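Asker: One predicted model, sequence on top.
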Amino acid sequence: MNPVIGLDIIKEESHGQAFLDRGKAYRGTFHFEHTREGLEILLQVIRDVEHASGHRPTLILEATGHYQSPVVQFLEEHHYLFIVINPLISNRLRKSNLRKVKTDAADAYLLGKLHYREEFEPFKKRGVQLLNLRYLTRQYEAFSKMCVQTKLQFQAVLDQVFPAYKGVFGAIYSSVSLRFLNEFPTSHSVLQTDTTTLKSKSSRFPVLDLKLLQQFYRKLEKSTDLIIQRN
């Protein structure tokens with residue numbers, strides 16, 4: 001016999017269908033959540049199939065990103081062979097199915113059938129760590145793009161409300177620079193502050209050079225005139 005269990009994995013839960021051999025479905029579909037108790041249900045089904053067929057079953061599932069991680073990790077810990085396939089392959093089988101039923105239980109059944117129609121290699125022991133790394137890499141790229149976009153938008157607004165600000169600090173986005181902007185959010189707010197008060201408040205920002213501040217103040221006066229002329 002060549003037993004297999006098809007698993008349709010979605011967020012936080014899965015549906016499965018076991019086969020003892022080609023065309024020999026074992027019981028009906030089953031459902032389990034991705035919790036300790038739920039995974040114990042999966043383990044019991046695997047053991048039942050193994051007892052009924054005399055062989056350890058292979059499990060087959062679609063790649064679902066981080067949704068599959070709890071199940072994959074559980075199977076690896078218990079040393080069961082499993083196959084992770086590209087969803088495009090199973091979609092091809094769904095399209096060829098005359099009934100075209102799309103439910104989680106039906107998908108689990110189709111995955112089990114697919115095991116007997118195609119030849120797949122078991123999942124390589126690159127493990128959950130690689131899956132997690134891929135997921136984290138995608139997240140890092142998304143956050144990096146978001147960070148770059150936010151900085152560009154911030155710079156565009158800053159150029160409008162504080163045109164002489166660039167160059168006052170070595171890094172516009174440093175904590176000291178952002179604290180200064182929190183205190184003086186626009187060029188107008190600086191110009192409305194007398195020099196003595198400005199010097200006193202600037203002492204909180206040791207990175208800000210006094211001579212540079214004076215140059216900055218003169219720049220502000222010119223840039224403010226420019227803003228007034230534009231408006």
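Answerer: That came in fine, so what should we check first? Numbering: from 1, shown residues only.
Asker: use CA for all of it now, contacts and neighbours both
Answerer: Fine.
Asker: Could you chop the chain up by domain?
Answerer: In terms of domains, the chain is parsed into 4-125, 126-152, 162-230 (source: automatic domain parsing).
Asker: Can you tell me which of those is most buried?
Answerer: domain 4-125 (a mean of 17; mean count of other CA atoms under 10 Å).
Asker: Relative to K11, how far out is L75?
Answerer: 17 Å (CA to CA, to the nearest Å).
Asker: try I89
Answerer: Per CA to CA, I89 is found 21 Å from K11.
Asker: ranges for the strands of this structure?
Answerer: 4-10, 13-21, 24-33, 58-62, 82-85 (DSSP state E).
Asker: closest to Q139 out of these?
Answerer: Checking the strands of the chain against Q139 by CA to CA gives strand 4-10 as the closest, at 19.8 Å.
Asker: As a markdown table, the strands of the chain with mean pLDDT would be great.
Answerer: Putting the strands of the chain into a markdown table (pLDDT from 0 to 100) gives the following:
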| stretch | mean pLDDT |
| --- | --- |
| strand 4-10 | 93 |
| strand 13-21 | 94 |
| strand 24-33 | 93 |
| strand 58-62 | 92 |
| strand 82-85 | 88 |
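Asker: could you redo those as JSON lines and give each row distance to H188?
Answerer: Below are these laid out as JSON lines (distance: least, CA to CA, whole Å):
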{"stretch": "strand 4-10", "distance to H188": "55"}
{"stretch": "strand 13-21", "distance to H188": "57"}
{"stretch": "strand 24-33", "distance to H188": "59"}
{"stretch": "strand 58-62", "distance to H188": "59"}
{"stretch": "strand 82-85", "distance to H188": "61"}
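Asker: Of all those, which one is nearest F154?
Answerer: Comparing those by CA to CA, strand 4-10 comes nearest, at 38.7 Å.
Asker: Next, work out how far apart the residue lying farthest from the centre of the chain and V190 are.
Answerer: Relative to the mean C-alpha coordinate of the chain, counting by CA atoms, centre = their mean, the farthest residue is T196 (50.0 Å). Taking CA to CA as the measure, T196 falls 12 Å from V190.
Asker: Could you do E76 as well?
Answerer: From E76 to V190 the distance is 62 Å (CA to CA).
Asker: what's the closest of the strands of the chain to I172?
Answerer: I172 lies closest to strand 4-10 among the strands of the chain, at 44.0 Å (CA to CA).
Asker: Mind listing the strands the closest one pairs with, and their directions?
Answerer: Using DSSP bridges, the strands paired with strand 4-10 in its sheet are strand 13-21 (antiparallel), strand 58-62 (parallel).
Asker: quick one: contacts of that strand?
Answerer: Residues from elsewhere that reach strand 4-10 (CA atoms under 8 Å, 6 or more residues apart in numbering): 14-21, 46, 57-62, 64, 67-68, 104-105, 107-112, 115.
Asker: And for stretch 132-143?
Answerer: Here stretch 132-143 has contacts from 65-66, 69, using CA under 8 Å, 6+ apart.
Asker: let's go with 7 Å and repeat that
Answerer: Counting contacts by CA atoms under 7 Å, 6 or more residues apart in numbering, the residues outside stretch 132-143 that touch it are H66.
Asker: Can you dump the C-alpha atoms of that stretch in CSV for me?
Answerer: The C-alpha trace of stretch 132-143 is given here as CSV (Å, rounded to 0.1, in the frame of the first residue of the first chain):
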residue,chain,number,x,y,z
ASN,A,132,10.6,31.7,8.6
LEU,A,133,13.6,33.4,7.1
ARG,A,134,11.9,33.8,3.7
TYR,A,135,8.8,35.3,5.5
LEU,A,136,10.9,37.6,7.6
THR,A,137,12.9,38.7,4.5
ARG,A,138,9.7,39.6,2.7
GLN,A,139,8.6,41.5,5.8
TYR,A,140,11.9,43.3,6.0
GLU,A,141,11.7,44.3,2.3
ALA,A,142,8.2,45.6,2.8
PHE,A,143,9.1,47.6,5.9
